[in-house]
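Participant: I would like to see how this sequence folds:
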Amino acid sequence: MEPVFGYRVKEYSGAVKRYCQTLDLKDNPELIAEYRRRHSEGEAWQEIIDGIREVGILEMEIYLLGNRLFMIVETPLDFDWEEAMARLATLPRQQEWEDYMSEFQQAAPGASSDEKWRLMERIFHLY
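Facilitator: So this is what the prediction gives:
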């Protein structure tokens, strides 16, 4: 797959919060290819997409380099991360999706999304 350089971002009428997270996949090209396929358009379960929106997440992007995943999550300014992640874990099929994805991820079996994905600290910004 040829790399794409530059991605359009959605514009909002006001400021948003951004969260960045990382997670490592098992270092196996076949597993990584299948993980990519399961996240392709039309393959991610609609209940999961609906749940992400239901807890207040506006946008979510996942990037891949080797076996390292990087996720960007944009939310309204009043978004409460811990409350939203606790609620997300209770939504229909969410744990089933986590279990479905766990065979690819370097994470404990049965872990929630919030337990697998690690929030990153921003150390620089340029506005």
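Participant: okay, CA-based contacts and neighbour counts for the rest of this
Facilitator: Will do.
Participant: Enumerate every residue touching the residue most central in space within the chain.
Facilitator: Nearest to the centroid of the C-alpha atoms of the chain, with distances taken as C-alpha atoms, centre = their mean, sits residue 71, at 4.9 Å. With contact set as C-alpha atoms under 8 Å, 6 or more residues apart in numbering, residue 71 has these partners: 20, 21, 22, 60, 61, 62, 63.
Participant: which among these gets closest to residue 50?
Facilitator: Nearest to residue 50 among the contacts of residue 71, counting by C-alpha to C-alpha, is residue 60 at 12.3 Å.
Participant: Now do the least confident helix or strand in the chain by mean pLDDT: distance to the chain's middle.
Facilitator: When the helices and strands of the chain are compared on mean pLDDT, DSSP states H and E, helix 113-116 comes out lowest with a mean of 91. Here the centre of mass of C-alpha atoms in helix 113-116, compared against the chain's by C-alpha atoms, centre = their mean, to the nearest Å, lies 10 Å away.
Participant: again, but for stretch 23-38
Facilitator: Worked out by C-alpha atoms, centre = their mean, stretch 23-38 lies 14 Å from the chain centre.
Participant: Now that stretch - C-alpha only, PDB.
Facilitator: Once side chains and other backbone atoms are set aside, the C-alpha atoms of stretch 23-38 remain, and they are given as PDB (Å, rounded to 0.1, in the frame of the first residue of the first chain):
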ATOM      1  CA  LEU A  23      -1.100   0.400  21.500                       C
ATOM      2  CA  ASP A  24       1.300  -2.200  20.100                       C
ATOM      3  CA  LEU A  25       0.100  -5.100  17.900                       C
ATOM      4  CA  LYS A  26       1.800  -8.500  18.000                       C
ATOM      5  CA  ASP A  27       4.800  -8.300  15.600                       C
ATOM      6  CA  ASN A  28       3.300 -10.600  12.900                       C
ATOM      7  CA  PRO A  29       2.700  -9.400   9.400                       C
ATOM      8  CA  GLU A  30      -0.300 -11.700   8.800                       C
ATOM      9  CA  LEU A  31      -2.000 -10.600  12.100                       C
ATOM     10  CA  ILE A  32      -1.300  -7.000  11.300                       C
ATOM     11  CA  ALA A  33      -2.900  -7.400   7.800                       C
ATOM     12  CA  GLU A  34      -6.000  -8.900   9.400                       C
ATOM     13  CA  TYR A  35      -6.200  -6.200  12.000                       C
ATOM     14  CA  ARG A  36      -6.000  -3.600   9.300                       C
ATOM     15  CA  ARG A  37      -8.800  -5.500   7.300                       C
ATOM     16  CA  ARG A  38     -11.100  -5.600  10.400                       C
END
